[in-house]
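K.L.:
generate a structure from the sequence data that follows.
(one chain, ligands or ions: 2)
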Amino acid sequence: MGKFIVIEGIDRSGKSTLARNIAIDLQNRGKSVFLTHEPTSYFDSGLDILSKLKREDYMILLAMFIRDRIEHNKYILKSMTEYDFVICDRYSLSSLAYQGVFLKEHFKDQDQFYKWIENVLSISHIESDLTIFIDFNGKSFRQGNGEKRELEIFEENEYLKNVYNIYTEAIKRGIFFNQGRIIGGNGSKEEMLNEAIKEILQIFHIQ
Ligand SMILES: Nc1ncnc2c1ncn2[C@@H]1O[C@H](COP(=O)(O)OP(=O)(O)OP(=O)(O)O)[C@@H](O)[C@H]1O
Ligand SMILES: Cc1cn([C@H]2C[C@H](O)[C@@H](COP(=O)(O)O)O2)c(=O)[nH]c1=O
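P.N.:
Ligands and ions are numbered 1, 2, ... in the order given. As a prediction, this is how the structure comes out:
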């Protein structure tokens, strides 16, 4: 059975770049890799409603992301029988962090919130063999061309700041992160790849 690796982090933290680079590196070592992403294209194309939704429609979004994940899981499980590695760019922790920003407000007790959301998301969760969290807090925001623009994105974008805080709190609590590693998010693409690959080689006993 192939190994399931999840890459998580806030918007533009470098997830897709890292996922692609890990896939190339593993392929160069003779491993077969299936690269996938959430939300899936099924999520985008099947639901016109999406364009009308705002982040504040968190309950509808949560249900939609869970539904998308349940469909996606079929492909993930099948791919795990066909490939050495399945690498998924975003998974359950994304729903926890992004939809959690608004959901959390409804709980007086934070412990209750984390227990509740973990239970809800467990419905659609496959335990990963490794989850990599890119610890990129948005302080130097990456532009489309990959250059870093010195700008406090958190001053501009309170939402992403909250997303980051929920990610780190969930990780501290070990939610969907029992097999987890944190990778520094401010290094170059090569540095991030080297850090991730070092962990992967060690965890999966690859020479
Ligand atoms: N370590 C890095 N240093 C500098 N630029 C980077 C680094 N990693 C990625 N980038 C660049 O930052 C931009 C965002 O990267 P990428 O698309 O991989 O992030 P992402 O987390 O997948 O984004 P999103 O969540 O918005 O889809 C891209 O232009 C990419 O080339
Ligand atoms: C899986 C998932 C995603 N989101 C959000 C996070 C991003 O802002 C967008 C699209 O993701 P991309 O990596 O930038 O393509 O969707 C979310 O809110 N909840 C989720 O479960």
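
K.L.:
could I get the full set of helices for the chain?
P.N.:
For the chain, applying DSSP state H gives helices covering 15-28, 41-46, 58-82, 92-103, 110-122, 153-156, 158-172, 189-203.

K.L.:
export those helices to a markdown table and append columns for mean pLDDT and mean neighbour count.
P.N.:
No exception for glycine: its C-beta is placed from N, CA and C like everyone else's. Shown next, in a markdown table, are these (pLDDT from 0 to 100; neighbours: other Cβ atoms under 10 Å):
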| stretch | mean pLDDT | mean neighbour count |
| --- | --- | --- |
| helix 15-28 | 98 | 18 |
| helix 41-46 | 65 | 12 |
| helix 58-82 | 94 | 16 |
| helix 92-103 | 95 | 24 |
| helix 110-122 | 98 | 16 |
| helix 153-156 | 44 | 15 |
| helix 158-172 | 94 | 18 |
| helix 189-203 | 97 | 16 |
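
K.L.:
what number of residues lie near the nearest residue to L201 once chain neighbours are set aside?
P.N.:
Closest residue to L201 apart from its sequence neighbours, by Cβ to Cβ, 6 or more residues apart in numbering: Q207 at 7.8 Å. Residues lying near Q207 (other Cβ atoms under 10 Å) number 4.

K.L.:
likewise for I183?
P.N.:
By the measure other Cβ under 10 Å, the count of residues near I183 is 23.

K.L.:
next: E38.
P.N.:
Neighbour count for E38, taken as other Cβ under 10 Å: 18.

K.L.:
name all residues that make contact with it.
P.N.:
Counting by Cβ atoms under 8 Å, 6 or more residues apart in numbering, E38 touches 65, 68-69, 72, 88-91, 94.

K.L.:
redo that, cut-off 10 Å
P.N.:
6, 65, 68-69, 72, 76, 88-92, 94-95 (Cβ atoms under 10 Å, 6 or more residues apart in numbering).

K.L.:
same thing with N162?
P.N.:
97-98, 100-102, 104, 154.

K.L.:
which one of those sits closest to ligand 1?
P.N.:
Nearest to ligand 1, judged by Cβ to the nearest ligand atom, of these is Y98 at 10.5 Å.

K.L.:
who in the protein is up against ligand 1?
P.N.:
9, 11-17, 142, 144, 146, 187-189, 192 (Cβ under 6 Å from any ligand atom).

K.L.:
can I get the CA coordinates of stretch 127-141 in CSV?
P.N.:
What follows is stretch 127-141, C-alpha atoms only, in CSV (Å, rounded to 0.1, in the frame of the first residue of the first chain):
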residue,chain,number,x,y,z
GLU,A,127,-5.2,9.1,8.4
SER,A,128,-2.0,10.3,6.6
ASP,A,129,1.3,8.6,6.9
LEU,A,130,2.9,12.1,7.0
THR,A,131,1.5,15.6,7.2
ILE,A,132,3.9,18.5,6.4
PHE,A,133,2.9,21.9,7.7
ILE,A,134,4.7,24.8,6.0
ASP,A,135,5.2,27.3,8.8
PHE,A,136,4.8,30.4,6.7
ASN,A,137,3.0,33.2,8.6
GLY,A,138,2.6,35.5,5.6
LYS,A,139,4.9,38.2,6.9
SER,A,140,6.7,38.4,3.6
PHE,A,141,4.0,37.7,1.1
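
K.L.:
give the buried residues for that stretch.
P.N.:
Neighbour-count burial for stretch 127-141, counted by 16 or more other Cβ atoms under 10 Å, picks out 128-138, 141.

K.L.:
fine by me, thanks again.
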